[in-house]
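Colleague: quick one, structure for this:
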Amino acid sequence: MTAVNIRVQKYRESLRQAGLRPVQLWVPDTRSPDFAQECVRQSRLINEAEQVQADDVNVWLDHAAKDVQGWTA
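Modeller: So this is what the prediction gives:
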């Protein structure tokens, strides 16, 4: 094992002892040639969905805004 590997192993072990665990996240590849096209497609879908009455959206937002229990210290 190299010195770097040992250092990384110790660092990861300290994180585990702190109650953390490693996870792998997959996110959209913004460098993909299809990314911009997919953004446009999803934006169109959102625009179409916005045809919903504003009152319905406001009711939902009001309800969501009340559900903040435990968000702040």
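Colleague: so where's this protein uncertain?
Modeller: 50-55, 72-73 (pLDDT under 70).
Colleague: point to the residue nearest the middle of this structure.
Modeller: Val27 (8.6 Å; C-alpha atoms, centre = their mean).
Colleague: so that residue, which of the three states?
Modeller: coil (DSSP: H, G, I helix; E, B strand; the rest coil).
Colleague: quick one: what helix or strand has Leu15 in it?
Modeller: Per DSSP states H and E, Leu15 falls inside helix 3-17.
Colleague: and Arg41, by the same measure?
Modeller: Assigned by DSSP H and E, Arg41 falls in helix 35-49.
Colleague: what is that helix packed up against?
Modeller: For helix 35-49, not one helix or strand is in contact under the criterion 3 or more C-beta pairs under 8 Å, 6 or more residues apart in numbering; DSSP states H and E. The way it works is simple: take the backbone N, C-alpha and C, and place the C-beta from them, glycine included.
Colleague: what is the subsequent helix or strand relative to that helix?
Modeller: Next in sequence after helix 35-49, counting helices and strands by DSSP H and E, comes helix 54-66.
Colleague: quick one: the residue nearest to the centre of the chain from Thr2, how far?
Modeller: Using C-beta to C-beta, to the nearest Å, one gets 30 Å for the distance from Val27 to Thr2.
Colleague: equivalent analysis for Glu48, please.
Modeller: 55 Å.
Colleague: tell me the phi and psi of Thr2?
Modeller: phi -80, psi 170 (degrees, to the nearest 10).
Colleague: number the chain from 6, please
Modeller: OK, 6 is where the count begins now, so the last one is Thr7.
Colleague: tell me how far it lies from Pro27.
Modeller: Counting by C-beta to C-beta - Thr7 and Pro27 are separated by 20 Å.
Colleague: ditto for Glu53
Modeller: 40 Å.
Colleague: what about stretch 33-41, how long is it end to end?
Modeller: 11 Å (C-alpha to C-alpha, to the nearest Å).
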